[in-house]
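> Fold the following, please.
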Amino acid sequence: MIQSRKPLIPVILVVILTVGVTLSFVYFSMPSQTTPTTQSPLNIELNLIGEIDTGGSALSVHVESNLAFVIDVGTLGTLGLVIVNISNPSQPEILSTFHGGGLPYALESVDEIVYLADQFEGLRIIDISDPTNPTEIEGYVGSGMAFDLEIVGDLLFMADHEYGMVILNISTPSNPVFISNYISDCVHLDIEENIAYIAGHGRLRTINVTDPHHPTLLDQIIESSSTLWDPSVSNGTIYLANHSGDDGELLIFDASNPSNIEEIGEFDSEGTFQSFYVQDSLLYAVDFESGLYLLDVNNPVLPVEIERFSDGGEPWDVVLSGDYVYLCGSEGLQILQVTQS
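Numbering: from 1, shown residues only. Model (predicted):
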């Protein structure tokens, strides 16, 4: 039974602590707020319809077409990429796995290529044109410690421990080309409309990347004893987690003017939020201890709980595709159907 709000990081991630990167970061310490009791007009249910054991503890999930790509650390931290056929969501099937060393932590896919942010190897690029036989075709080392990535067109933005936000041209996946980097603390990032939202140790930054060769700082919030976790941005609003001490609440920032960001709300589950997926006015928020929350954020100042799914597992990441939610964690990959009445 978990006694603290602080998440239990899979054993393999503890290795990182010895090389100077702490994955349970410290976040903004803000005055506490009571979870709103306002009722949402939305009536939405989350129902588990399928699941599959991916080998250990799953950290990240990305969905494209009929495939789900999952990063699983395995029982000994060696499983890596797991490719799952989700053409029938009620009966997911593992097609293949890939592990060529290293420790992948985040991923995205475009067409028939999977990009992995690896904490030991930097960026790894995997050809999955045959999903039963994934093949590594190239990579970009950087500092060798990558934690997050996002792809926008032919550009890949990577969170690198030493070099900050690294921007690569991946128009030819077998030959990624360095464009620039913004030297700053960068652990997680999100990109929306030529603005990069960077979260890390002690600060949240907005960076103009209209000219990817010359990223420029727009604004920052500095809190030396804090770290923000996994920003998700939609319509000028930033949703991220506070991991300060034993805290773990959702923090919400107004970034409608990226040059003047400010905190406007929060939602405290009394657990530890890890990741988010936002679509329109709905926020899917993963709490490591309490499960998956579905929040109505039509008014982001006062998020309202609509539904929660928890089966006693320890979830880590979530993504929405069509009418299905893909949740990964200690239970492997779980597939939930979203129904609205």
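> Low-confidence bits of the stretch 151-300 of the chain, can you list those?
Along the stretch 151-300 of the chain, the parts satisfying pLDDT under 70 run over 224-226, 245.
> Kindly recompute the last result at 90.
Scanning the stretch 151-300 of the chain for pLDDT under 90 picks out the ranges 161, 183-185, 200-203, 222-228, 242-248, 280.
> need the strands for it, in chain order.
155-160, 164-169, 177-182, 188-192, 195-208, 216-234, 237-242, 250-254, 262-267, 273-279, 282-287, 291-296 (DSSP state E, counting those that start in this stretch).
> Out of those, the one nearest Asp323 is which?
When the strands of the stretch 151-300 of the chain are compared by CB to CB, strand 273-279 sits nearest Asp323, at 11.6 Å. C-beta: built from backbone N, CA, C; applies to glycine.
> And the closest one, how far out from the chain middle?
When distances are taken as CA atoms, centre = their mean, to the nearest Å, strand 273-279 is centred 7 Å away from the chain's centroid.
> What ranges does this structure have for its helices?
In the chain, the helices defined using DSSP state H lie at 14-17.
> Just the terminal-to-terminal distance for stretch 162-174.
When the termini of stretch 162-174 are compared using CA to CA, to the nearest Å, they are 24 Å apart.
> Any buried residues in it, and which?
Of all the residues in stretch 162-174, those buried under the rule 16 or more other CB atoms under 10 Å are Tyr163, Gly164, Met165, Val166, Ile167, Leu168, Ile170, Pro173.
> who touches it?
113, 115, 123, 125, 127, 137-138, 140, 142-143, 145, 151, 154-160, 176-186, 189, 196, 198, 207, 209, 212, 215 (CB atoms under 8 Å, 6 or more residues apart in numbering).
> which among those end up buried?
Buried members of the contacts of stretch 162-174, scored by 16+ other CB under 10 Å, are 113, 115, 123, 125, 127, 138, 140, 142, 145, 151, 155-160, 176, 179, 181-182, 184-186, 189, 196, 198, 207, 209, 212, 215.
> Alpha carbons of stretch 268-283, as CSV, please.
Listed next in CSV are the C-alpha coordinates belonging to stretch 268-283 (Å, rounded to 0.1, in the frame of the first residue of the first chain):
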residue,chain,number,x,y,z
ASP,A,268,-5.6,18.4,-5.8
SER,A,269,-6.4,14.7,-5.9
GLU,A,270,-4.3,14.1,-2.8
GLY,A,271,-2.2,11.8,-5.0
THR,A,272,0.5,12.4,-7.5
PHE,A,273,-0.3,13.5,-11.1
GLN,A,274,2.1,12.2,-13.7
SER,A,275,0.8,12.9,-17.2
PHE,A,276,-2.0,14.6,-19.0
TYR,A,277,-3.9,14.5,-22.3
VAL,A,278,-6.2,17.4,-23.1
GLN,A,279,-8.8,17.6,-25.9
ASP,A,280,-11.1,20.6,-26.2
SER,A,281,-12.5,21.1,-22.7
LEU,A,282,-11.7,17.6,-21.4
LEU,A,283,-8.5,16.8,-19.5
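> Distance from it to the middle of the chain?
Put simply, stretch 268-283 sits 11 Å off its chain's centre (CA atoms, centre = their mean).
> Go through that stretch and flag the buried ones.
Those would be 268-269, 271-278, 281-283, for stretch 268-283 by 16+ other CB under 10 Å.
> Serialize these to CSV and add fields for distance to Asn66.
Below are the buried residues of stretch 268-283 laid out as CSV (distance: CB to CB, whole Å):
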residue, distance to Asn66
Asp268, 38
Ser269, 33
Gly271, 33
Thr272, 32
Phe273, 29
Gln274, 26
Ser275, 23
Phe276, 25
Tyr277, 19
Val278, 24
Ser281, 28
Leu282, 24
Leu283, 26
